[in-house]
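[1] What would the 3D arrangement of this be:
(one chain, ligands or ions: 2)
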Amino acid sequence: MTSQIRVGVLGARGRMGTEACQAVSAASDLSLVASLDVGDALAPDFDVLVDFTTPDAVMDTLRWCVSHGVHAVVGTSGFTTERLDEVRSLLASAPGVGIVVAPNFAVGAVLMMEFSARAARYFESVEVVEMHHPQKIDAPSGTALRTAQLIASARASAGLGPVPDATTEEMAGARGTDVEGIPVHSLRARGLVAHQEVLFGAAGETLTIRHDSFDRKSFMPGVLLAVRAVVTRPGLTVGLGPLLD
Ligand SMILES: NC(=O)C1=CN([C@@H]2O[C@H](COP(=O)(O)OP(=O)(O)OC[C@H]3O[C@@H](n4cnc5c(N)ncnc54)[C@H](OP(=O)(O)O)[C@@H]3O)[C@@H](O)[C@H]2O)C=CC1
Ligand SMILES: O=C(O)C1=N[C@H](C(=O)O)C[C@H](O)C1
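    Numbers count the residues shown, from 1 in each chain. Ligands and ions are numbered 1, 2, ... in the order given. Model prediction:
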């Protein structure tokens, strides 16, 4: 019999942590050995730590993981390009450790990001609109951040200049925020879970790519996929794309 992967979940009392604990417990090849939240001490008695906490807390946790040889699957948002570089530097001192940082574990959202990156070179205009539940503490969302990074990179590779659309505002914030040159808008409303539209425009046409998560269960197959993959995947993996067939 192959041995089980021992998993700890940090942020276990939160919306995502609760779901992750249930999903790990229900998987026959995984063993939930620690459900941790604010104030709980980390102890290196698991193979993989799953983190659904806050952008403020997550980097200290990753430092701990790297120094204790524990792999990490990170769903927590806030991973700017600079922060991803910081994770790469951390991992340089621990070549056996794997970290998966996935801005969104829903397969549909991964595809939405990939399709957006593919479309980016063909449209001069682009706007990212993310919509979330009213308790979400960060804006823009990690998914919007990653989508904008991918679009900016695809535009740069294709030799497109800056998005040419007007940015003048009579009131601050009317044109959203700027992520690597891509306008990003954040909406919060009761009734929403996690949703995003990417609107592209060219002469005479638009293309809208939209994804909706109506239930946090949509994230769980991706979380389990990442937990199983990270133990044999040293270094940094960004997004679920490289783990999908
Ligand atoms: N990648 C993905 O697919 C998804 C990512 N997310 C991201 O996951 C993160 C969590 O989201 P969500 O579950 O909705 O948020 P919640 O606020 O519901 O949960 C966060 C949990 O983390 C705890 N926490 C905060 N700081 C620490 C700390 N220093 N150490 C240990 N635990 C801590 C909180 O405790 P307390 O409440 O007591 O402060 C809370 O229990 C966010 O960044 C969100 O954007 C969310 C959905 C999907
Ligand atoms: O806080 C959330 O809910 C979500 N957070 C992630 C993000 O910031 O992109 C993923 C998903 O959008 C849900």
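[2] What count of nearby residues applies to the residue nearest to Leu243 when sequence neighbours are not counted?
    Leaving aside its sequence neighbours, Leu243 sits nearest to Ala229 (C-beta to C-beta, 6 or more residues apart in numbering; 4.9 Å). For every residue, glycine as well, the C-beta is placed using N, CA and C. Neighbour count for Ala229, taken as other C-beta atoms under 10 Å: 18.
[3] so Ala229 touches Gly241, yeah?
    No: between Ala229 and Gly241 there is no contact under C-beta atoms under 8 Å: 11.9 Å.
[4] thinking again about what came up before, buried ones in the helix or strand encompassing the residue nearest to Leu243?
    Assigned by DSSP states H and E, Ala229 belongs to helix 220-230. By neighbour count on 16 or more other C-beta atoms under 10 Å, the buried set for helix 220-230 is 220, 222-230.
[5] what is the mean pLDDT for it?
    Averaging pLDDT along helix 220-230 gives 98.
[6] mind listing what's buried in whichever helix or strand comes after it?
    Using DSSP H and E, the helix or strand that follows helix 220-230 in sequence is strand 235-238. Neighbour-count burial for strand 235-238 flags 236-238 (criterion: 16+ other C-beta under 10 Å).
[7] okay if I get these as a markdown table plus pLDDT and distance to ligand 1?
    As requested, the buried residues of strand 235-238 are exported to a markdown table (pLDDT from 0 to 100; distance: C-beta to the nearest ligand atom, whole Å):
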| residue | pLDDT | distance to ligand 1 |
| --- | --- | --- |
| Leu236 | 98 | 15 |
| Thr237 | 98 | 13 |
| Val238 | 96 | 12 |
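[8] which one of those residues is nearest Asp29?
    Thr237 (19.6 Å; C-beta to C-beta).
[9] can you list the residues of this structure near ligand 1?
    10-11, 13-17, 37-38, 52-54, 57, 75-77, 102-105, 138, 142, 219 (C-beta under 6 Å from any ligand atom).
[10] Can you give me the distance of the residue sitting nearest the centre point of the chain to Thr53?
    Geometric centre of the chain, nearest residue: Pro103, 0.6 Å, by C-alpha atoms, centre = their mean. Using C-beta to C-beta, to the nearest Å, one gets 15 Å for the distance from Pro103 to Thr53.
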